[in-house]
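Colleague: Sequence and predicted structure are below.
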Amino acid sequence: MPQMDGITFLTRAREISPLSIRLMLTGHAHLEAAINAVNEGHIFRFLSKPCPAPELSKTLEAALTQYRLVVANGSCWRRRWPEASRS
């Protein structure tokens, strides 16, 4: 990506869409990059290229499950404490 690196992109994506489940697929799987992706981009999974199709599929299914849990949890929270969601 010419304008920003993956970590910056993931951090920005989190700011724009905090409920999104972020994944990182990279050809440069350095330990420092993985640590930064987790700590700054708050990613759900870190995958390295080449990523076998079954692993990618399993990861996408897990991410979808995680997203559903996050959304359901937020919905329960707002029903239980509606005044908290007004701020």
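Modeller: Cool, the structure landed.

Colleague: only C-alpha atoms for contact and neighbour calcs from this point on.
Modeller: Will do.

Colleague: what helix or strand does residue 51 sit in?
Modeller: Residue 51 is part of no helix or strand, with elements assigned from DSSP states H and E.

Colleague: Over to it: give its phi and psi.
Modeller: phi -100, psi 120 (degrees, to the nearest 10).

Colleague: List the contacts of it.
Modeller: Contacts for residue 51 (Cα atoms under 8 Å, 6 or more residues apart in numbering) come out as none.

Colleague: pLDDT at the spatially most central residue of the chain, what is it?
Modeller: With distances taken as Cα atoms, centre = their mean, residue 22 lies nearest the centre of the chain, 1.9 Å away. pLDDT for residue 22: 91.

Colleague: Which residue, other than its chain neighbours, is closest to it?
Modeller: residue 43 (4.8 Å; Cα to Cα, 6 or more residues apart in numbering).

Colleague: count of residues packed around that neighbour?
Modeller: Neighbour count of residue 43, defined by other Cα atoms under 10 Å: 21.

Colleague: The helix or strand of the chain with the lowest mean pLDDT: how far from the chain's middle?
Modeller: Lowest on mean pLDDT, DSSP states H and E among the helices and strands of the chain sits helix 31-41, with a mean of 79. With Cα atoms, centre = their mean, to the nearest Å as the basis, helix 31-41 stands 12 Å off its chain's centre.

Colleague: That one: what's the following helix or strand?
Modeller: Following helix 31-41 in sequence, per DSSP H and E, is strand 45-48.

Colleague: which residues touch that next one?
Modeller: Under the criterion Cα under 8 Å, 6+ apart, residues 22-29, 34, 37, 59 lie in contact with strand 45-48.

Colleague: Need the buried ones from those residues selected in PyMOL.
Modeller: Here is the PyMOL command that selects the buried residues among these (16 or more other Cα atoms under 10 Å):
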select buried, resi 22+23+24+26+34+37+59
